[in-house]
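Trainee: compute the structure for the input listed below.
(one chain, ligands or ions: 1)
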Amino acid sequence: MRVIIESDALAASRRAARFIADQIRRKPDTVLGLATGSSPLETYRELIRLHQTEGLDFAQVTTFNLDEYVGLGPSHPQSYRHFMQQHLFDHVNLAPSKTHVPDGRALDFEVHCRVYEQQIRDAGGIDLQLLGIGTDGHIAFNEPGSSLGSRTRLKTLASETIRDNARFFGGEEKVPRLAVTMGVGTILESRRCLLLAFGPKKAEAVRNTVEGPITAQVTATALQLHREVVGIFDEAAARLL
Ligand code: GLP
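Mentor: Purely as a prediction, here's the structure:
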């Protein structure tokens, strides 16, 4: 993993946005893997700014999001589809038909997950996958114990993740217990990965991911097996390296 440490989250997010923008300029029909959560927020803000001020062009870009809560539709304020519309899709010239987020209300999740993976393959595979990391070191919703070869599927959320996300839902009991998520194996097939982690709460997960043994208990450690991963951290998240 190539590790880049910036002084704070804002500087790190700007660096990440430039990295993504370079990829889009080099390959206008880039397939981007996208993430939700607080970590990529500032990166999306900067991408919108680059679109508005420098004409960064998303017209040919295709996107696939990592995950979605089961049971939440696109209009639910905590659904990841809603998050993406609000923080990126509605503000750049992405074709709506080229944005993909797993459907939290699919009728048959087995079929839906298979089709989602097929759509990624049909698009030519993911060129650049953006990733955040959970405090327990998970990527997407690949909670501790997920197979490192896993594919897109349903996953039960770990209690730590439910606790972490309760603030968005106004209470732990309101957080969905299940999510549909790309697998670790799916993520590892991306041509490049860009991992973001900010703040002291991520320091242990970052140390385990970069320097720890590869283990299904910390699914981000699987990124050590990937040839092209860039980690952009702020000083607080990198302080145990
Ligand atoms: C959730 C998401 C992950 C994200 C993680 C960390 O579990 N499924 O994709 O990386 O939260 O979120 P945050 O960036 O808000 O710390």
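Trainee: only C-alpha atoms for contact and neighbour calcs from this point on.
Mentor: Noted.
Trainee: and stretch 83-98, what's buried?
Mentor: By 16 or more other C-alpha atoms under 10 Å, the buried positions in stretch 83-98 come out as 83-85, 87-89, 91-94.
Trainee: what does the chain put close to the ligand?
Mentor: Applying C-alpha under 6 Å from any ligand atom, we find that the chain lies next to the ligand at 35-39, 132-134, 139-141.
Trainee: and the buried ones among those residues, selectable in PyMOL?
Mentor: Selection of buried members from the residues of the chain next to the ligand for PyMOL, criterion 16+ other C-alpha under 10 Å:
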select buried, resi 35+36+39+132+133+134+139+140+141
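Trainee: please point out which parts of the longest helix that the chain contains sit buried.
Mentor: Identified as the longest helix of the chain according to DSSP state H is helix 9-26. Using 16+ other C-alpha under 10 Å as the test for burial, helix 9-26 gives 9, 11-18, 20-21, 23-24.
Trainee: with stretch 143-159 instead?
Mentor: Using 16+ other C-alpha under 10 Å as the test for burial, stretch 143-159 gives 143-144, 146-148, 150-155, 157-158.
Trainee: one step back: TSV for the buried residues of helix 9-26, including pLDDT?
Mentor: Formatted as TSV, those follow (pLDDT from 0 to 100):
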residue	pLDDT
9	98
11	98
12	98
13	98
14	98
15	98
16	98
17	98
18	98
20	98
21	98
23	98
24	98
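Trainee: closest to residue 187 among these?
Mentor: The closest of the buried residues of helix 9-26 to residue 187 turns out to be residue 20 (C-alpha to C-alpha; 16.9 Å).
Trainee: so the closest one versus residue 105, what's the distance?
Mentor: Counting by C-alpha to C-alpha, to the nearest Å, the separation of residue 20 from residue 105 is 30 Å.
Trainee: helix/strand/coil for residue 73?
Mentor: coil (DSSP: H, G, I helix; E, B strand; the rest coil).
Trainee: then residue 126?
Mentor: With three-state DSSP as the basis, residue 126 sits in coil.
Trainee: make 54 the first number, not 1, from now on.
Mentor: All set: I'll call the first residue 54, so the last point we hit is now residue 179.
Trainee: these two touch, right, residue 76 and residue 83?
Mentor: Yes - contact criterion C-alpha atoms under 8 Å: residue 76 and residue 83 qualify, at 7.2 Å.
Trainee: need the residues touching each of the two.
Mentor: Between them, residue 76 and residue 83 share these contacting residues under C-alpha atoms under 8 Å, 6 or more residues apart in numbering: residue 181.
Trainee: in this structure, which residue is most central in space?
Mentor: By C-alpha atoms, centre = their mean, the chain has its centre lying nearest to residue 88, at 2.4 Å.
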